[in-house]
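Colleague: Sharing a sequence plus its predicted fold:
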Amino acid sequence: MKVSEAAQKAGFQVIVPGEDQEIEGIYCGDLLSWVMGKGQPGQAWITVQSHLNVIAVAVLREFSCLILAEGAQFPPEVIERAENEGLCLLCSELPVYETALKLHETGI
Amino acid sequence: MFYDLHIHSCLSPCAEEEMTPNNIVNMALLKELDLIAVTDHNSVRQLPAVAKVAEAMGLRMLYGAELESSEEVHVLGLYDELEKAMSLQPWLDQHLPFIPNDEHYFGKEELRDENDELIGKEERLLIISLDQDLESCIEAIHATGGKAILAHVLDRKNSVTNQLGFIPEGLAYDGLEVKDEYQRQQVCKTHPWIRDEETFWLIDSDAHRLIDMSERVNSLPHSELQKMWRKLS
């Protein structure tokens, strides 16, 4: 399923549309050292971490999108960098677990 | 100049109760250190007493705190004057979430005077993250005239590399703290944008017990320390 379709079905807010990639699995994590080591290409990454380093990590792991959970907000410089990288940024008001469940229910 | 610029006092809940102002200063003298800094978690309130003891005993010290950013990254603020360090406290009070300390679980947060007498306890838990991100913590340190040192950068806990994956390029820190020379090489190898010779490196103990304070092994030329204080100030 494409990121745009999943975001619409799950009710996530689209902050940066990015390149509309295929979602292949879900990864949750906030410690970027772990995410860099464990994430797999195509996964939708759910986190509460919004430091600018998330963009480099998402691009490195070739994640299909980055979903910021718990109603957290992306700082402007993160949005700008994601636009430059073509990375999709989404926001969810739900906690991490419920965000993952919601995404799973869309058929991922 | 042999130094240890990352030492916790009995104000830090995770430090032993033996880390009183007199014990820290006397242990530094026993170990023949020339310069120390006391850096408690998210507080500078123990510093005036340590400063009095250090002055009385003729030990040079810097004044500091170990801030925990909202990403749970530890960063040292180091100051060359006590007053500058104390001017950080209102900002810390403003940005430390109010969670009462459970001393049976986390440990006591004791304030002691220059005679090691108990003069108070910190009611709030100090080992939690401030509601400010790493960049804002560094800004607050600079705004009060301090230097920002990213603490124990390769540690598996509360280090910039563990929390944020790597040391961000362009982050306005003044120095990097490692545990040994090998770590220094590792940092340079994994961060092409960090120039070894242009970086101010510290090797500190992060002591929470007297026995863990650095021996007389890590030294800085006096000139390098002065250069560091002139930078940005």
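Modeller: Noted; the coordinates are in hand.

Colleague: For the strand or helix carrying A:L101, buried residues please.
Modeller: Using DSSP states H and E, A:L101 sits within helix A:96-105. Buried residues in helix A:96-105, counted by 16 or more other CB atoms under 10 Å in any protein chain shown: A:96, A:99-100, A:102-103. To be clear about C-beta, it is placed using only N, CA and C from the backbone, and glycine gets the same treatment.

Colleague: repeat for stretch B:190-201
Modeller: Residues B:191, B:194, B:200-201 are the ones in stretch B:190-201 that count as buried (16+ other CB under 10 Å).

Colleague: and which of the buried residues of helix A:96-105 is nearest to chain B?
Modeller: Nearest to chain B among those: A:V96, at 15.9 Å, using CB to the nearest CB.

Colleague: got the contact list for B:E16?
Modeller: B:10, B:208-210 (CB atoms under 8 Å, 6 or more residues apart in numbering or on different chains).

Colleague: Next one, pLDDT for it please.
Modeller: B:E16 carries a pLDDT value of 97.

Colleague: Distance of it relative to B:D155?
Modeller: Going from B:E16 to B:D155 by CB to CB, to the nearest Å gives 20 Å.

Colleague: For the contacts of B:E16, give me a markdown table that also has secondary structure and distance to A:M36.
Modeller: A markdown table is the format used below for the contacts of B:E16 (DSSP: H, G, I helix; E, B strand; the rest coil; distance: CB to CB, whole Å):
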| residue | secondary structure | distance to A:M36 |
| --- | --- | --- |
| B:C10 | coil | 37 |
| B:H208 | coil | 29 |
| B:R209 | coil | 33 |
| B:L210 | helix | 37 |
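
Colleague: ok, of the buried residues of stretch B:190-201, which one's closest to B:L47?
Modeller: Ranked by distance to B:L47 (CB to CB), these are led by B:F200 at 21.8 Å.

Colleague: how about the closest one, what does it touch?
Modeller: Counting by CB under 8 Å, 6+ apart, B:F200 touches B:149, B:174-176, B:224, B:228.

Colleague: list the buried ones in stretch A:61-74?
Modeller: Across stretch A:61-74, burial judged by 16+ other CB under 10 Å covers A:61, A:63-69, A:74.

Colleague: go on, stretch B:21-33?
Modeller: Across stretch B:21-33, burial judged by 16+ other CB under 10 Å covers B:21-25, B:27-28, B:31, B:33.

Colleague: what does stretch B:82-99 give?
Modeller: B:82, B:84-89, B:91-92, B:95-96.

Colleague: Pick out whichever of these sits closest to B:D180.
Modeller: Nearest to B:D180 out of the buried residues of stretch B:82-99 is B:A85 (CB to CB; 27.5 Å).

Colleague: circling back to that earlier point, give me the subset of the buried residues of stretch B:21-33 lying in helices.
Modeller: B:21-25, B:27-28 (DSSP state H).

Colleague: In the buried residues of stretch B:21-33, find the pair that's most separated.
Modeller: Within the buried residues of stretch B:21-33, B:P21 and B:K31 form the most distant pair, 16.2 Å apart (CB to CB).

Colleague: name the element the residue minimising distance to the centre of chain A belongs to?
Modeller: Closest to where the C-alpha atoms of chain A average out (CA atoms, centre = their mean) is A:L66, at 1.4 Å. Element membership for A:L66 (DSSP H and E) is strand A:65-68.

Colleague: Quick one: name whatever helix or strand follows that strand.
Modeller: Beyond strand A:65-68 in the direction of the C-terminus, DSSP H and E gives the next helix or strand as helix A:76-85.

Colleague: now the following helix or strand past that following helix: mean pLDDT?
Modeller: Later in the chain than helix A:76-85, the nearest helix or strand by DSSP H and E is strand A:88-91. Averaged across strand A:88-91, the pLDDT comes to 98.

Colleague: cool, stretch B:115-125 as well?
Modeller: 97.

Colleague: Going by neighbour count, list what's buried in that stretch.
Modeller: Quick answer for stretch B:115-125 (16+ other CB under 10 Å): B:116, B:122, B:125.

Colleague: Over to stretch A:12-24?
Modeller: Quick answer for stretch A:12-24 (16+ other CB under 10 Å): A:12, A:15-18, A:21, A:23.

Colleague: now, which of these sits nearest chain B?
Modeller: Among those, and counting by CB to the nearest CB, the member closest to chain B is A:I15, at 18.1 Å.

Colleague: thought that closest one was touching A:S92?
Modeller: No: in this structure, A:I15 is not within contact of A:S92 by CB atoms under 8 Å, at 10.8 Å.

Colleague: Identify the residues contacting residue 61.
Modeller: This is for chain A. By CB under 8 Å, 6+ apart, the residues touching A:R61 are A:35-36, A:39-41, A:43, A:45.

Colleague: my question was about chain B
Modeller: B:M61 touches B:35-38, B:50-51, B:54, counting by CB under 8 Å, 6+ apart.

Colleague: Up against chain B, what does chain A have?
Modeller: Taking CB under 8 Å from any CB of the partner chain, the part of chain A that reaches chain B is made up of A:31-33, A:35-36, A:49, A:51-53, A:56-57.

Colleague: May I ask you to confirm that B:K52 is in contact with B:P21?
Modeller: Yes: B:K52 lies in contact with B:P21 (CB under 8 Å); the separation is 7.5 Å.
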